[in-house]
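Visitor: sequence and predicted model, in that order:
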Protein chains: 2
Amino acid sequence: MKTYLDCFPCFVNQALRAGRLATTNKKKIKKLLDEVGMMLKDIPLENTPPETGALIYKKIRKITGNPDPFKKIKHIYTEKALSLYPLLKEKVKNSTDSLLTAIRFAIAGNIIDFGVNQHIDLEKEINSVIKKDFAIFHYQEFKEHLKRSKSILYIGDNAGETVFDRILIEELKKTVIFVVRDIPVINDATYSDAVQAQINEVAKIIPAGSGAPGLILNKCSNKFIKIFNNADMIISKGQGNYEGLSDEKKTIFFLLKVKCPVIARNIGVDVGDIILKGISI
Amino acid sequence: MKTYLDCFPCFVNQALRAGRLATTNKKKIKKLLDEVGMMLKDIPLENTPPETGALIYKKIRKITGNPDPFKKIKHIYTEKALSLYPLLKEKVKNSTDSLLTAIRFAIAGNIIDFGVNQHIDLEKEINSVIKKDFAIFHYQEFKEHLKRSKSILYIGDNAGETVFDRILIEELKKTVIFVVRDIPVINDATYSDAVQAQINEVAKIIPAGSGAPGLILNKCSNKFIKIFNNADMIISKGQGNYEGLSDEKKTIFFLLKVKCPVIARNIGVDVGDIILKGISI
């Protein structure tokens, strides 16, 4: 997905919000806003938004000196999600379509997105997503692809959401590689965040070789690109990965909750909608 | 009022919204965002937000070539307000406290603010403000000052709102000077907008000698500053004028609806609150 004009004020707003989490020093936050402001002219509309996200978070780290402003939040939400895990597993087990219920939970977990939200009610979100109609629902195709795939490349999004991903991974009943960010960016899951969610017990965890808050293939390591190209089936979680991957020619199933009006417009749905969308299927 | 860190993303957002009204040329809007981005570093936190507003709208005029993006909107809302005028006059006449009812209407009209809102339901706002409690209510002091004043300097805000101001001016029963912006900025009232609202029938209309979307005294003409300093009583409408004048030492009564979280924090009230606040009273 390309950058829309609406993304520009949002870039400055994200810098402000993350800057405030990274430091209480007002002068440093002002400097951050100044530098992000000066960056805008160098962002072509052809770039994907996570490419800019990577530059902004690099500036945040450099100016505030804080390598991981969302560290505490990531830990708290992973713990919170872990405490819900037994109950959610029970619900999946008792449901008529356990795969679909697990998909719904994986989407509910996508609410833990501090690039967009500041206040999150996890239980409320689970109860909402479990009964919500999908705006795009390529479930049949998802099941067919899953059936004929040996292994799945599962591209993770936020820390905490990872616990919900683990529930879905367990229902896929395939060999799964779980992809994380190389370095902390927003509250996206890194290797250690994924381990806290015990993803390592159900999948092999690998970094994408990029620090963007969304998977952009041409910014990834050659090693990762090879794994990506050879994958039988790809599942991509969340908005950032959608922004990075929506124009790829590979079969990818996107699972997300739409939280941004620009992405809603790009997909052709409304903010608040839930999506199971396959491309090149 | 000084500039808060939260104002910076808002400056970029305002440029985008006004840029889109001024032109459909995407490249020009991108150039506008680039230039406003580069401006951020030159905006000290000590400036009042309307000072930056003036710079942004100067850029909008220059880059898009459109001197008055809100011209049509201003005309439509003034017409709409004029159509409500007879009904509102009737309500003022039949109320137990006609001055207070007129003040409430003048605040209701402050919803016509395209610096903040994009969709406005004027009738709904009138019905809401007429029964809403004031968060700050210096009405007694307002009446006392009014009683001992010969003439009133009334600082206008938006076009269309001017019709509601006219109703209040008629209830003041004093000699009134109505202050407008020199040049078009957002949907603020200029001389011709005020004349469309027939303010000229109830007050003398003068420009402030500044193109900022809020009255900043040290940016006004010497002629205006003299009038300001000699005024018996000053009534200031809306957020922009509050931002410009809130730190002055003169007796000023601010009438506004609070629409911005930063201004709400500065005043110590909530977004959505209505205010009749006097300073140096």
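Guide: Everything's here; your move.

Visitor: strands of the stretch 101-250 of chain A, start to end?
Guide: Per DSSP state E, counting those that start in this stretch, the stretch 101-250 of chain A carries strands over the ranges A:134-137, A:151-155, A:175-180, A:204-207, A:233-237.

Visitor: quick one: closest of the ones you listed to chain B.
Guide: Chain B sits nearest to strand A:134-137 of all the strands of the stretch 101-250 of chain A, at 23.6 Å, using CB to the nearest CB. Yep, even glycine has a C-beta here, placed from its N, CA and C like the rest.

Visitor: list the buried ones in that closest one?
Guide: The neighbour-count check on strand A:134-137 (16 or more other CB atoms under 10 Å in any protein chain shown) flags A:134-136 as buried.

Visitor: same check on stretch A:138-149?
Guide: Neighbour-count burial for stretch A:138-149 [16+ other CB under 10 Å]: A:138-139, A:142, A:145-146, A:149.

Visitor: need the contact partners of the worst-scoring helix or strand of chain A on mean pLDDT.
Guide: Lowest on mean pLDDT, DSSP states H and E among the helices and strands of chain A sits helix A:122-129, with a mean of 92. With CB atoms under 8 Å, 6 or more residues apart in numbering or on different chains as the test, helix A:122-129 has contacts from A:77, A:80-81, A:84, A:88, A:104-105, A:107-108, A:111-112, A:257, A:274.

Visitor: chain neighbours aside, what residue packs nearest to the residue in the stretch 101-250 of chain A that chain B sits nearest to?
Guide: Closest residue of the stretch 101-250 of chain A to chain B, CB to the nearest CB: A:Gln118 (12.6 Å). For A:Gln118, ignoring the flanking residues on the chain, the nearest one in space by CB to CB, 6 or more residues apart in numbering or on different chains is A:Arg17 at 7.3 Å.

Visitor: now A:Gly53
Guide: Per CB to CB, 6+ apart, closest to A:Gly53 is A:Pro213, 4.2 Å.

Visitor: which stretches of chain A form helices?
Guide: Remark: helices assigned in chain A by DSSP state H are A:7-22, A:26-39, A:49-64, A:71-94, A:98-108, A:122-129, A:139-147, A:161-172, A:191-196, A:222-230, A:238-245, A:261-267.

Visitor: and the shortest one, what does it pack against?
Guide: Helix A:191-196 makes packing contacts with helix A:71-94, helix A:161-172, strand A:175-180, strand A:204-207 when contacts are defined by 3 or more CB pairs under 8 Å, 6 or more residues apart in numbering or on different chains; DSSP states H and E.

Visitor: 7 Å instead?
Guide: helix A:71-94, strand A:175-180, strand A:204-207 (3 or more CB pairs under 7 Å, 6 or more residues apart in numbering or on different chains; DSSP states H and E).

Visitor: quick check: mean pLDDT across it?
Guide: Averaged across helix A:191-196, the pLDDT comes to 98.

Visitor: show me what counts as buried in it.
Guide: Within helix A:191-196, the residues scored as buried using 16+ other CB under 10 Å are A:191, A:193-196.

Visitor: in JSON lines: the residues you listed, plus distance to A:Pro184.
Guide: Formatted as JSON lines, these follow (distance: CB to CB, whole Å):
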{"residue": "A:Tyr191", "distance to A:Pro184": "11"}
{"residue": "A:Asp193", "distance to A:Pro184": "8"}
{"residue": "A:Ala194", "distance to A:Pro184": "12"}
{"residue": "A:Val195", "distance to A:Pro184": "14"}
{"residue": "A:Gln196", "distance to A:Pro184": "13"}
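
Visitor: to A:Ile267, which of the strands of the stretch 101-250 of chain A lies closest?
Guide: Evaluated over the strands of the stretch 101-250 of chain A, closeness to A:Ile267 peaks at strand A:134-137, with 7.2 Å, by CB to CB.

Visitor: contact partners of the closest one?
Guide: With contact meaning CB atoms under 7 Å, 6 or more residues apart in numbering or on different chains, strand A:134-137 is reached by A:269-270, A:273-277.

Visitor: any of these buried? List them.
Guide: Buried by 16+ other CB under 10 Å: A:269, A:273-277, out of these.

Visitor: and A:Tyr139, how far from B:Ile234?
Guide: Distance of A:Tyr139 to B:Ile234, computed by CB to CB, to the nearest Å: 65 Å.
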